[in-house]
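Q: Using only what follows, build the 3D model:
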Amino acid sequence: MERKFSPDFFQDITPESIDLLRSFLINSKEESCEFSLTNLYAWKDFCKTKFQIYHDRLYIWFSDVDLLIFTTDRNKNNEPSAKELYTVSQAMKKAGYKGVFYQVRKETIENDPFFPEFFHIELCKEDTAEYIYDIKKLSHLPGQILAKKRNLIHQFKRDHADIKIELLTEKNWHKAKLLAEKWYASYPGNKEDLEGEIASLANMEECFRSTGLFGILAEENGETLAFATAAFITEKIWTETLEKALPGQKGAAQFINNELAKILEEKCICLNREQDLGLPGLRQAKLSYLPEYLLRNYVLTPIK
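A: Sure thing, here's the model as predicted:
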């Protein structure tokens, strides 16, 4: 007899579940940073993230905001039917939850004409759009529009002739963490915007060992000036999970971003630089790198 979907079967994300999660995520069709194994692990405590396998599919529940996401295997092409997702949604609603799906790809909805009968379909909010870049363009910064980026990098290199790049690991992660804490302390905006990111730092060290987190550190004469980390979403697309530069170091952010892209050229085709959170300055900074497109998926809210 087939097991029914139930909220009772959700499990916490633990070190022991990482290999199982990786097996579903690495072969998925997803491009959203929400499906990064590293992000799921790093943010698991803040988001109270849980998972379960149902119909050979990974369902993830961000229980803090009561939103669901799911994977579709690109090799099996096992797009879920509207009826499957509605069954899951109703099981959640019966237990007192919303049963709302987030980050649903357009292809999933178009694959089954019955979705409008079961769900209200809406585009994800504009401030949750994710910026997707061609990794070669980020590495080479071609053309006149990106000339300012190249100039800032050249100036930074001239001003910091002794700058050195080293790989980030769990052994030197404390240096990056200290820089991040300095950056958060100097942040002029609303600190509430950063609560999740700050909380995720506690799990980042483990991510180097177990989830495939990759990173680089820029140092000059023993001082950490910038760092950046990235992790796979799938084999083709990675996400930049964190990037910080020492406040007041002009060109450091552009420099570390470019150095990371050069290395990632051998690892992926595209880089997801995540959302702008509705912050005008961050939006402008991301747009200035000329993304290939902004990823906006859909929200499915059950009609009944």
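
Q: Just after the helix or strand of the chain with the lowest mean pLDDT, pick out the following helix or strand.
A: Least confident helix or strand of the chain, by mean pLDDT, DSSP states H and E, is helix 280-287 with a mean of 85. Later in the chain than helix 280-287, the nearest helix or strand by DSSP states H and E is strand 293-295.

Q: C-terminal to that next one, what's the next element?
A: Next along from strand 293-295, by DSSP H and E: strand 298-302.

Q: could you measure K98 against L68, distance?
A: 9 Å (C-beta to C-beta, to the nearest Å). For every residue, glycine as well, the C-beta is placed using N, CA and C.

Q: Give me the more crowded residue out of these two.
A: With neighbours defined as other C-beta atoms under 10 Å, K98 and L68 compare such that L68 has more, 22 against 14.

Q: Work out for me the element that one sits within.
A: strand 67-70.

Q: Parallel or antiparallel, which strands does that strand pair with?
A: Applying DSSP bridges, strand 67-70 is found paired with strand 58-62 (antiparallel), strand 100-104 (parallel).

Q: and L242, which of the ones you listed is closest to it?
A: strand 58-62 (19.1 Å; C-beta to C-beta).

Q: With just CA atoms, put that closest one into PDB.
A: Only the C-alpha atoms of strand 58-62 are listed here, as PDB (Å, rounded to 0.1, in the frame of the first residue of the first chain):
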ATOM      1  CA  LEU A  58      12.300  15.700  -2.500                       C
ATOM      2  CA  TYR A  59       9.900  18.000  -0.600                       C
ATOM      3  CA  ILE A  60      11.400  20.800   1.500                       C
ATOM      4  CA  TRP A  61       9.500  22.700   4.100                       C
ATOM      5  CA  PHE A  62      10.600  26.100   5.400                       C
END
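
Q: Off-centre distance for it?
A: Counting by C-alpha atoms, centre = their mean, to the nearest Å, strand 58-62 is centred 15 Å from the centre of its parent chain.

Q: which residues touch that strand?
A: The list of residues contacting strand 58-62 from outside it, by C-beta atoms under 8 Å, 6 or more residues apart in numbering, reads 5, 7, 10, 21, 24-25, 28, 34, 40, 47-53, 67-71, 88, 102.

Q: just checking, what packs against the least confident helix or strand of the chain?
A: Here helix 280-287 touches no other helix or strand, going by 3 or more C-beta pairs under 8 Å, 6 or more residues apart in numbering; DSSP states H and E.

Q: now what about the strand holding L68, what contacts it?
A: 32, 34-35, 57-62, 80, 85, 88-89, 92, 98-103.

Q: what about that strand, distance to the chain center?
A: 14 Å.

Q: which residues does E292 contact?
A: 132-134, 137, 270.

Q: where exactly do the strands run in the stretch 101-250 of the chain?
A: Applying DSSP state E, counting those that start in this stretch to the stretch 101-250 of the chain gives strands spanning 119-123, 130-134, 164-167, 214-220, 223-232, 237-245.

Q: can you list those in a markdown table and add mean neighbour count?
A: Putting the strands of the stretch 101-250 of the chain into a markdown table (neighbours: other C-beta atoms under 10 Å) gives the following:
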| stretch | mean neighbour count |
| --- | --- |
| strand 119-123 | 14 |
| strand 130-134 | 20 |
| strand 164-167 | 13 |
| strand 214-220 | 21 |
| strand 223-232 | 23 |
| strand 237-245 | 23 |
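
Q: now those in TSV, with distance to N75 and mean pLDDT?
A: Rendered in TSV, the data for those read as follows (distance: least, C-beta to C-beta, whole Å; pLDDT from 0 to 100):
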stretch	distance to N75	mean pLDDT
strand 119-123	26	97
strand 130-134	22	96
strand 164-167	31	96
strand 214-220	24	97
strand 223-232	16	97
strand 237-245	16	96
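
Q: K175: which of those is closest?
A: strand 223-232 (4.8 Å).

Q: just checking, what packs against that closest one?
A: Using 3+ C-beta pairs under 8 Å, 6+ apart: strand 223-232 touches helix 37-42, helix 173-186, strand 214-220, strand 237-245, helix 252-264.

Q: dump the residue contacts of Y187.
A: Applying C-beta under 8 Å, 6+ apart to Y187 gives the contacts L194.
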